[in-house]
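Q: whatever this is, show me its structure:
(one chain, ligands or ions: 1)
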Amino acid sequence: MELLKDYIRKYGNVPNDNVLKVDAFLNHQIDAKLMMELAKDFKEHFKDKKITKIMTIETSGIAPCVFLGYLLDVPVVFMKKNSSAILDENFYHTTVHSFTKNIDYDLILSKKYINEDDHVIFIDDFMANGEACLGALRIIEEAKANVSGIGIVIEKSFQNGRKLVEEKGFDIYSQARIKSLKQGTITFVEE
Ligand code: G4P
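A: Modelled structure (predicted):
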């Protein structure tokens, strides 16, 4: 998506060869107009899919999803990253390992907000190694809901996430695909 690439070129920072900071419009300060354009682009991409619910993971996936939920008139549900809350039979949960942060965390979702009749679009702000996405998919599958699509705002294509998720049989639509961040230079995958 050209507009998003323009934002990344203009506002993105590259502190090292692996990390792209986009705090100026997505991860800290949020550009609402851009979020709406991201949502319109997801709506167009998934226009042939049945969608009853949009799912994401707190925190930064929520912003584009709220606009998409508004456009599609379906609920937006975010899975929570849990450290201490009491888990019981009312919640689905799975453990996710973050390679970027080198921590494990529990992803949780109340059984109230998903059921086997749901057709879910899963959206997240970043895909690096795909662990968060795979964890979310485990929960959606455990709930016996259907996965209608996976949307990612920024995919770091030089990491393993896409490969691992595709190996599970899912397609991914990424709005911007980063080929390399070497030597502070942002290079996109040619599409
Ligand atoms: P993975 O799920 O794809 O394996 O990603 P990983 O655990 O490696 O990433 C952990 C967190 O770091 C996630 O955010 C992810 O979005 C974010 N992240 C990974 N690579 C980058 C990057 O290059 N730039 C930025 N800005 N973020 C990156 P999170 O902890 O879930 O944060 P938030 O959603 O609460 O903001």
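Q: ok, residue 188 to residue 12 distance?
A: From residue 188 across to residue 12, the span is 11 Å (CB to CB, to the nearest Å). For glycine as for every other residue, the C-beta is placed from the backbone atoms N, C-alpha and C.
Q: these two: which has the busier surroundings?
A: Set residue 188 next to residue 12 and count neighbours by other CB atoms under 10 Å: residue 12 wins out with 20 against 14.
Q: the host helix or strand of residue 104 - contacts with which helices or strands?
A: Element membership for residue 104, per DSSP states H and E: strand 103-110. Using 3 or more CB pairs under 8 Å, 6 or more residues apart in numbering; DSSP states H and E, the elements in contact with strand 103-110 are strand 76-82, strand 91-98, helix 131-142.
Q: give me the buried positions along that strand.
A: Across strand 103-110, burial judged by 16 or more other CB atoms under 10 Å covers 105, 106, 107, 108, 109.
Q: next one: stretch 111-128
A: 113, 114, 118, 120, 121, 122, 123, 124, 125, 126, 127, 128.
Q: now do stretch 129-144
A: Buried, per 16+ other CB under 10 Å, within stretch 129-144: 129-140, 143.
Q: what packs against the longest strand along the chain?
A: The residue-count maximum for a strand in the chain (DSSP state E) belongs to strand 146-156. Judged by 3+ CB pairs under 8 Å, 6+ apart, the packing partners of strand 146-156 are helix 2-11, helix 32-45, strand 119-127, helix 131-142, helix 161-167, strand 173-180.
Q: partner strands of it and their direction?
A: The strands beside strand 146-156 in its sheet (DSSP bridges) come out as strand 119-127 (parallel), strand 173-180 (parallel).
Q: can you tell me if the longest one touches the ligand.
A: Put plainly, it is strand 119-127. Yes. Using CB under 6 Å from any ligand atom, strand 119-127 reaches the ligand at 125, 126, 127.
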